[in-house]
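Enquirer: got a sequence here, can you build the structure:
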Amino acid sequence: MIADTEISSEADDAGALRLAGVIAHQEQRFDAAIAAFRRLAESSARSDAQRAADLANLGATLRAAGKSDDAEVSYRRALTLDPNCAAAHHNLGNLLAASGRVRDAEAEQREAVRIVPSYAQAWNALGGLLQRRGELRDAVDAFSVATRNAPDWIEAQVNLGVAFLNCDLGQEAVTVLRAATVSAPENASAHGNLGAVYLRAGLPVRAETALRRALALDPQETRWRSNLAVALQMQGRHTETEQCCRDVLQMRPGYSAAHGNLLFAMNYRADLASEAIFAEYRRWNAQHAAPLAPVAPRFALDRTPGRRLRVGYVSPDFRHHAVAFFSEPLLAAHDRSQVELFCYSETGIEDATTLRFRTIAEHWRPTLGMNDDAMAALIRADRIDILVDLAGHTAANRLLVIFMGLAVVLWVASTCSARRWCGSADCRLSIGHPTACLLSCPRRPSETRMSPLGISDGRNG
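Expert: Down below sits the predicted model:
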């Protein structure tokens with residue numbers, strides 16, 4: 001237990017004052033820490049590099065205190081004094097990522113690792129940003145460097161395991177995550193993500209074991225509980241699956257993917273009437289889709305006589321996948337004199353099948369890593385007439401974008417529903433696989449590897 005350290009006007013020694021600021025930050029006495037770092041940063045007796053390091057610590061403390069705007073000012077002041085202050089680049093990158101400025105955040109993290117190539121926290125943050133942008137193989141490389149420079153850091157190990165899985169490198173993911181559970185048996189994220197890997201590999205019993213261990217360590221993590229429902233569903237334990245899904249929704253009513261998994265599972269229940277299943281679909285719509293629908297949708301249609309219809313397909317499965325067996329010939333059969341074809345691809349790792357889809361489409365729009373609003377803006381800008389969803393309530397769907405009122409005609413093909421836009425879809429049957437969720441390790445405040453007394457805000461979003 002660190003003793004309470006007061007910061008007084010007599011604390012003239014810079015090292016002691018900096019130590020007092022770090023201790024105050026760690027004990028969440030942010031006003032005291034801010035006062036200490038400000039005094040250090042304003043001291044004319046200190047070099048620019050020293051003052052920049054103090055401003056970086058001040059920024060981390062301001063952000064921890066909920067003052068993000070002031071934190072950004074402090075980081076930028078630090079970089080004005082010393083452009084080679086890697087900690088300031090790293091922490092500024094984390095702050096920018098949290099506000100959605102992903103490309104600017106990536107630039108800051110790249111600068112941090114250029115200055116200090118062994119900066120594990122910055123490599124880890126860079127990997128997270130690349131993953132958000134859909135640069136999955138580059139994310140693996142970044143997390144790999146992080147783990148090489150901090151081999152005992154479980155967060156980086158878990159993130160590397162998730163990145164391997166996102167690249168469909170299941171065996172590599174299992175190896176990394178199993179090692180993480182051995183090194184840190186009390187780390188819920190390691191067990192939970194290992195469970196997700198087993199789900200992807202079609203090993204639901206192993207997945208259930210890992211997920212129950214994760215939930216024993218972190219009972220409030222709804223993603224692990226939702227994945228447990230998928231594991232039960234894969235074992236044909238449909239009644240337990242439904243209860244597990246409902247437990248998740250009681251804890252987190254707005255969790256649309258878990259609600260979609262419930263719909264998926266209910267279609268396997270021979271003891272449920274069609275009306276009961278349909279009623280649950282309507283509840284999904286009322287809870288998740290209807291609030292996103294415009295009251296009076298307006299469409300910027302091109303009314304040029306004789307023009308081609310602009311048809312957009314949305315799918316995570318423009319790849320070697322069961323959906324491609326029917327969607328590829330469908331897209332290829334369009335009469336191009338009548339149809340202008342757009343593909344909105346949520347596909348992670350592309351393959352030979354993806355290349356064929358790219359050839360078929362006149363307009364290829366990668367959407368992996370886009371948030372819902374950005375994807376909706378992209379579709380609106382393309383002025384789509386007919387928007388076709390090929391995923392329904394299956395893994396990696398973008399249904400919450402589909403239902404934003406983006407096209408005159410909406411067709412949820414995979415759920416046997418086609419209708420003119422009116423704010424919902426009458427879905428009855430989902431095909432494919434339910435959604436499994438991955439969760440990287442939580443970000444926590446940690447000391448920077450640059451200096452034993454430096455502060456990293458440790459958060460990348």
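Enquirer: distance from the host helix or strand of Leu177 to the middle of the chain?
Expert: Following DSSP states H and E, one finds Leu177 within helix 170-183. Relative to its parent chain, helix 170-183 has a centroid offset of 21 Å by Cα atoms, centre = their mean, to the nearest Å.
Enquirer: just the residues contacting that helix, thanks.
Expert: 152, 154, 157-158, 160-162, 164-165, 187, 190-191, 193-194, 197-198, 200-201, 210 (Cβ atoms under 8 Å, 6 or more residues apart in numbering). To be clear about C-beta, it is placed using only N, CA and C from the backbone, and glycine gets the same treatment.
Enquirer: tell me the strands beside the helix or strand where Val388 lies, with direction?
Expert: Per DSSP H and E: Val388 is located in strand 386-389. If you go by DSSP bridges, strand 386-389 pairs up with strand 309-315 (parallel), strand 409-412 (parallel).
Enquirer: in this protein, what spans have low per-residue confidence?
Expert: Scanning the chain for pLDDT under 70 picks out 1-12, 413-461.
Enquirer: quick one on the thing from earlier: buried residues, the helix holding Leu177. List them.
Expert: For helix 170-183, the neighbour count (16 or more other Cβ atoms under 10 Å) marks 170, 172-174, 176-178, 180-181 as buried.
Enquirer: and stretch 275-294, by the same measure?
Expert: Here stretch 275-294 shows 277, 280-281, 284-285, 288-289, 292 as buried, counting by 16+ other Cβ under 10 Å.
Enquirer: need phi/psi at the nearest residue to Gly369 once chain neighbours are set aside.
Expert: Take Gly369 and drop its neighbours on the chain: the residue closest to it by Cβ to Cβ, 6 or more residues apart in numbering is Gly134, 3.8 Å away. Main-chain dihedrals, Gly134, degrees, to the nearest 10: phi 80, psi 10.
Enquirer: okay, now Gly134: neighbour count?
Expert: For Gly134, the number of neighbouring residues by other Cβ atoms under 10 Å comes to 18.
Enquirer: so what's it up against?
Expert: Listed by Cβ under 8 Å, 6+ apart, the contact set of Gly134 reads 348, 366, 368-369.
Enquirer: please repeat the previous calculation with a cut-off of 10 Å.
Expert: 166, 345-348, 366-370 (Cβ atoms under 10 Å, 6 or more residues apart in numbering).
Enquirer: still on that earlier bit, for the buried residues of stretch 275-294, give me CSV that also has secondary structure.
Expert: Shown next, in CSV, are the buried residues of stretch 275-294 (DSSP: H, G, I helix; E, B strand; the rest coil):
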residue, secondary structure
Ile277, helix
Glu280, helix
Tyr281, helix
Trp284, helix
Asn285, helix
His288, helix
Ala289, helix
Leu292, helix
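Enquirer: could you dump the strands paired with strand 386-389 to CSV with distance to Ala146 and mean neighbour count?
Expert: Formatted as CSV, these follow (distance: least, Cβ to Cβ, whole Å; neighbours: other Cβ atoms under 10 Å):
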stretch, distance to Ala146, mean neighbour count
strand 309-315, 32, 23
strand 409-412, 40, 21
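Enquirer: got the ones you listed as a markdown table, with distance to Asp218 columns?
Expert: Output for the strands paired with strand 386-389, formatted as a markdown table (distance: least, Cβ to Cβ, whole Å):
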| stretch | distance to Asp218 |
| --- | --- |
| strand 309-315 | 33 |
| strand 409-412 | 34 |
